[in-house]
Every structure is written in structure tokens, then in C-alpha cells.
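Peer 1: Sequence isn't available, so here's the structure alone:
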């Protein structure tokens, strides 16, 4: 029965998700206090701990895991005994069969019992959301491994060369993961479209729900297993990363918050720092190189002591809100996940 299959497969999927979370957590621990430039809109934004970024993957996977576990509760109802669709007059004992097969409950309506595929749609939806997270992780790692980013080096066992360009090291496995996710989305769509026009009760169309379900389950399991191994075969390019967090535009928000703490409104502080950054870019200067007189042109609240916050370590240390990239708070999150997983 498809319900028994899914009960078992969700247990397998949850275990593989946990194993991937552990693999990512181990990699996060190995990154130590490495600080990377964070990005929004794929534009350089603010410094964050690499471990903080990696923990965001674990958070998403945790939701994926609980989503599947929640779906499993609704799968755990036995439809046997509904017969064709109206039940039977024979002396069957559905409760006995339920106990023997290990179901938690019985389905309560025979027509719904033979026509319900909500549980398949729910699992496919959960797998689709999970696959989105996996695809985005793959994309991050692809970007991080490029010469332009150069945050990480992925072991060649997960890459290929080029048939014509000897210098190439292509992250083909990650690209194939990213591409395979489209198939999982198609699996959900195919069953959604299959169901939308059916009248109530059983129709032979329902036989076609299984190939896309099996495909999605098997594909996600394969991707999870690949990621488990891959995260154990990544080298962090610490020197390259260190050179990239010297860009002082990364600390513009820290200067804004410095001014706010001096009593300047957010809007005015934003305008002040924006003008200062533009002027420095136009004149080829660094903010840290501005004299006291030059700083006063922008605001009398700015003094040379802002140079003390114009570095990546100071930037992450200044964060204090729960869930932020402050090293002490990230360490607590790592400890929490180490215990939980």
C-alpha cells in the first residue's frame, strides 16, 4: 500500500536530512571564526560568520524535516475495508487489520478512502520545498567555488574538467543537483493536474500518481546522500576570504548604527553615510583614511574613533540581536544544534 510505503520512506528521508544537517554542522564548526562578505541581491552587503551562513541551511532543513513528519501523521490512517468505494456487508474487522499493519487510525469515509490523494500531494509538496532548499545550497556552493568568489575549493571527485579547456574545474555534480530539482517540481505539478479534474470516488487516472511520487522520493534521497559526502570534501580558502572582507563598504551599516547611538536619526544617518561612501569611491579614498576635519564635513558626530569599527571582526562583534551573526550567539546556536542533532 502506498501509505505503508510513505510511512517507511518518510522515516528514511528524515534520517537522511538529519545526517545532512550533521554534515553541515561539522563543516560549520571547522570554519571556526572565518568571516565572509555576505550578499543581498548578489551584491556585497555586510560581514557574517561563515558558520552563521551554514547554520541557515540547517534551519531550513529542520523545517523540511518537521513538514514531512507532520504529513506522516495524516498518512497513518488505514483505508483497507473501504472496498470499491461503498464498504462491504461481509464480516470484516478493520480494527484488527489496522493493528496488524501498524496504522494509528482508520479512515472514516469509504468514498474518501478510495479517492484521497492529499497525502501524496502533501509529501510531494514537502519534497518540492526541500528540493528548493537543496538547490539554493547547491547554487551557493557553485558561486563560492568560482574564481570570482573563491571562498571554497570542492574536491575534484565532485567536479569534472573540460573537454577543451585544461584549466577548468566544473562543479558538475552541484549543477546536476540544481537541474534535477526541476524534475521534482514537475512531479508535484503532474499529480496536482492529475487530481484537479477528477470526480469524487475512484478513477483509473489515480494509478498514475505513483511514478512521479517514486521519482521525487528517490531523487531527493540521492541528492541528500551526495550533499552528505560533499560537505566533508570542501576546503575553505581562508586567505582569499580575508582579502575580500577588507572592503570598507561592508561596514557602512555599522557607521549608520554608530551615528544612531550618537542621537542621529536613522534617515539622516543613512544619508550621511551614503554621501561619505560615494565621495570615497569617487575620490579613491578609504573611510579609514579620512581625517577628523574631513569626517566633520559629513557630521559633527563622526570622529576618528570610527576606524575601530571598520573591520570584519568588529562588525560581527557589534551585532547583539538574537539570531544575529555575533560570534557568541553563533556559538550558542552551534551548541544547540550539536545537542539536538
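Peer 2: Arrived safely. These figures come from a predicted structure and were not determined experimentally.
Peer 1: helices or strands next to the helix ranked longest in the chain in the packing?
Peer 2: In the chain, taking DSSP state H as the definition, the longest helix is helix 2-30. Applying 3 or more C-beta pairs under 8 Å, 6 or more residues apart in numbering; DSSP states H and E, we find helix 2-30 packed against helix 50-75, helix 118-144, helix 210-230, helix 327-340. All C-beta atoms are positioned from the backbone trio N, CA, C, and that covers glycine.
Peer 1: how about the ones you listed in CSV, adding mean neighbour count and mean pLDDT?
Peer 2: Formatted as CSV, those follow (neighbours: other C-beta atoms under 10 Å; pLDDT from 0 to 100):
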stretch, mean neighbour count, mean pLDDT
helix 50-75, 19, 98
helix 118-144, 20, 98
helix 210-230, 18, 97
helix 327-340, 14, 97
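Peer 1: who's in contact with residue 295?
Peer 2: Under the criterion of C-beta atoms under 8 Å, 6 or more residues apart in numbering, the neighbours of residue 295 are 302, 303, 304, 306.
Peer 1: before we move on, what about residue 111?
Peer 2: Shown in contact with residue 111 (C-beta under 8 Å, 6+ apart): 82, 85, 86, 200, 201.
Peer 1: which SS class is the first one?
Peer 2: Look at residue 82: counting by DSSP: H, G, I helix; E, B strand; the rest coil, its state is coil.
Peer 1: and it, how many residues sit next to it?
Peer 2: 22 (other C-beta atoms under 10 Å).
Peer 1: any idea which helix or strand comes after the strand or helix carrying residue 276?
Peer 2: Assigned by DSSP states H and E, residue 276 falls within helix 266-283. Downstream of helix 266-283, the next assigned helix or strand under DSSP H and E is helix 292-296.
Peer 1: quick one: that next one to chain centroid distance?
Peer 2: Mean-position distance between helix 292-296 and its chain equals 44 Å (C-alpha atoms, centre = their mean, to the nearest Å).
Peer 1: in it, what's buried?
Peer 2: Within helix 292-296, the residues scored as buried using 16 or more other C-beta atoms under 10 Å are 294, 295.
Peer 1: and it, what's its mean pLDDT?
Peer 2: Averaged over helix 292-296, pLDDT sits at 94.
Peer 1: What of stretch 262-281?
Peer 2: Throughout stretch 262-281, pLDDT has a mean value of 95.
Peer 1: Can you point out the buried residues in that stretch?
Peer 2: 264, 269, 270, 272, 273, 276, 277, 280.
Peer 1: Out of those, flag the one nearest to residue 67.
Peer 2: The closest of the buried residues of stretch 262-281 to residue 67 turns out to be residue 270 (C-beta to C-beta; 38.4 Å).
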